[in-house]
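Test case, fold it:
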Amino acid sequence: MPNCPASKCLAALDADWAALIAAVGPCLHQPRPEREPYQALVRAVAYQQLHARAGDAILGRLRGLFPEQAFPTPRQLAGASLESLRGCGFSARKVATLQGIAQATLDGRVPDARDARKMDDEHLIERLTALPGIGRWTVEMLLIYSLEREDILPVDDFGVREGYRRLKGLEQAPSPRQLRELGQAWRPWRTTAAWYLWRVPPRQPNL
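Okay, the predicted model is just below:
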């Protein structure tokens with residue numbers, strides 16, 4: 001990600017953004033382009049509504065079921081028993097979603113990285129949110145981290161909305177619709193904007 005142009009563009013928006021970027025420092029966003037969409041979706045589902053540490057532990061137990069490789073293949077995940085996946089810490093609903101992703105990958109409905117990179121954002125979102133249990137946020141995490149898209153703003157993300165509330169000293173966080181409108185000013189660097197909003201500290205007198 002071209003951090004310098006993005007950070008400079010955002011810092012020029014107003015004094016609040018300038019102070020945030022000065023306090024946080026350079027954008028250290030670390031995409032993982034080596035991860036196929038299948039793996040990225042599985043990981044995103046694992047972390048849904050959980051703190052990072054809890055998600056890390058659940059994924060660690062999942063990988064422990066298949067010690068012969070770093071991550072289970074779609075066929076292995078699709079064929080895993082409900083009991084073994086529940087034992088990792090997944091809810092029954094998440095198990096159904098994960099095995100649906102695995103089966104959709106085997107069926108060709110989840111594209112590989114090469115094909116996904118040829119698709120525009122909204123087309124890929126529309127295609128993947130057709131899968132049961134997959135919402136827009138999950139696909140946006142795939143776009144941000146695996147496909148390295150630079151202009152993604154996950155407006156449904158609590159951390160992003162709360163970050164903007166703290167940044168501006170608001171009583172209430174903006175709605176997703178309001179944040180989407182506000183984010184137009186952050187283009188074409190909305191991914192970097194989200195990264196900074198995730199890191200807004202409790203509001204201080206100089207921030």
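
Identify the spatial nearest neighbour of Tyr80, chain neighbours not counted.
If you look again at residue 80, you'll see it is Ala, not Tyr. Leu65 (6.8 Å; CB to CB, 6 or more residues apart in numbering). (Glycine included, C-beta is placed from N, CA and C.)

any idea how far that neighbour is from Thr73?
For Leu65, the distance to Thr73 (CB to CB, to the nearest Å) stands at 12 Å.

which strands and helices sit next to the helix or strand where Arg63 lies?
Secondary structure from DSSP states H and E places Arg63 in helix 52-64. In terms of contacts (3 or more CB pairs under 8 Å, 6 or more residues apart in numbering; DSSP states H and E), helix 52-64 is packed against helix 37-47, helix 82-88.

Can you say which of those helices is nearest to Leu124?
When these are compared by CB to CB, helix 37-47 sits nearest Leu124, at 8.4 Å.

what's that closest one packed up against?
Using 3+ CB pairs under 8 Å, 6+ apart, helix 37-47 sits against helix 52-64, helix 92-107, helix 136-141.

Check which residues of the first one are buried.
Of the residues in helix 52-64, those with enough neighbours to count as buried (16 or more other CB atoms under 10 Å) are 55, 58-59, 62.

Point out the least confident one among those residues.
For the buried residues of helix 52-64, the weakest pLDDT value sits at Gly55, with 88.

residues in contact with the most centrally placed residue in the chain?
Centroid-nearest residue in the chain: Met141, 2.3 Å away (criterion: CA atoms, centre = their mean). Counting by CB atoms under 8 Å, 6 or more residues apart in numbering, Met141 makes contact with 40, 44, 154.
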